[in-house]
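In: okay, here's the prediction I keep looking at, along with the sequence it came from:
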Amino acid sequence: MSNPLSDLSWTFYSECEVPEEITDSFIDGEEAVAAYKTVRDVAVFTNKRLIVRDAQGMTGKKIEIYSLPYGAINMYSTENAGRMFDLNSEVQLFTRAGTIKINLNKKVDVRKFDRLLAEAIL
């Protein structure tokens, strides 16, 4: 059986505002913590889960929503080139369903992102 997450990866380019259409789907007590612009849409970290809204197709009318409860993340890793280089960083989220890869553009502070994950998962 193939891994359903084997090809799942996103690139986060910069922090952004949380779109209203995402907050409309929050459950009682759920609050946005941070949001990041992706290639065609947005990823939102809440106090309960990671939500990625992914517009697809030529027109972007087809929308896929990924919801990853923090309890489903078994482990994570962050990798960056250090302060000497101005390169992208990479984050991997390990779940029972597979690994999710997140690339962070140089505009995203990897240490802040690392703290965000730690506070959500630990």
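Out: Yep, that arrived. On a predicted model such as this, the values are computed, not experimentally measured, just so you know.

In: could you give the number of residues near the closest residue to Val108 other than its chain neighbours?
Out: Distances taken as C-beta to C-beta, 6 or more residues apart in numbering put Phe12 closest to Val108, at 5.5 Å, once the chain neighbours are dropped. Where C-beta positions appear, they are placed from N, C-alpha and C, glycine not excepted. By other C-beta atoms under 10 Å, 25 other residues sit near Phe12.

In: and Phe12, how close does it get to Ala43?
Out: As for Phe12, its distance to Ala43 is 6 Å (criterion: C-beta to C-beta, to the nearest Å).

In: who touches both of the two?
Out: Jointly contacting Phe12 and Ala43 under the rule C-beta atoms under 8 Å, 6 or more residues apart in numbering are Tyr36.

In: what's the helix or strand for the residue positioned nearest the centre of the chain?
Out: When C-alpha atoms, centre = their mean is applied to the chain, the residue found nearest the centroid is Ala43 (5.2 Å). Here Ala43 sits within strand 42-46, counting by DSSP states H and E.

In: and the angle from the next helix or strand after that strand to strand 42-46?
Out: Beyond strand 42-46 in the direction of the C-terminus, DSSP H and E gives the next helix or strand as strand 49-56. Interaxial angle of strand 49-56 relative to strand 42-46 (axes from the mean of the first three to the mean of the last three C-alpha atoms, to 10 degrees): 170 degrees.

In: list the buried residues of strand 49-56.
Out: Burial within strand 49-56, assessed by neighbour count using 16 or more other C-beta atoms under 10 Å, is assigned to Arg49, Leu50, Ile51, Val52, Arg53, Asp54.

In: the helix or strand following that strand packs against which elements?
Out: Next helix or strand after strand 49-56 toward the C-terminus (DSSP H and E): strand 62-69. Judged by 3 or more C-beta pairs under 8 Å, 6 or more residues apart in numbering; DSSP states H and E, strand 62-69 is in contact with strand 49-56.

In: I'd like the average pLDDT over the strand it packs on.
Out: The average pLDDT for strand 49-56 rounds to 90.

In: thank you, goodbye.
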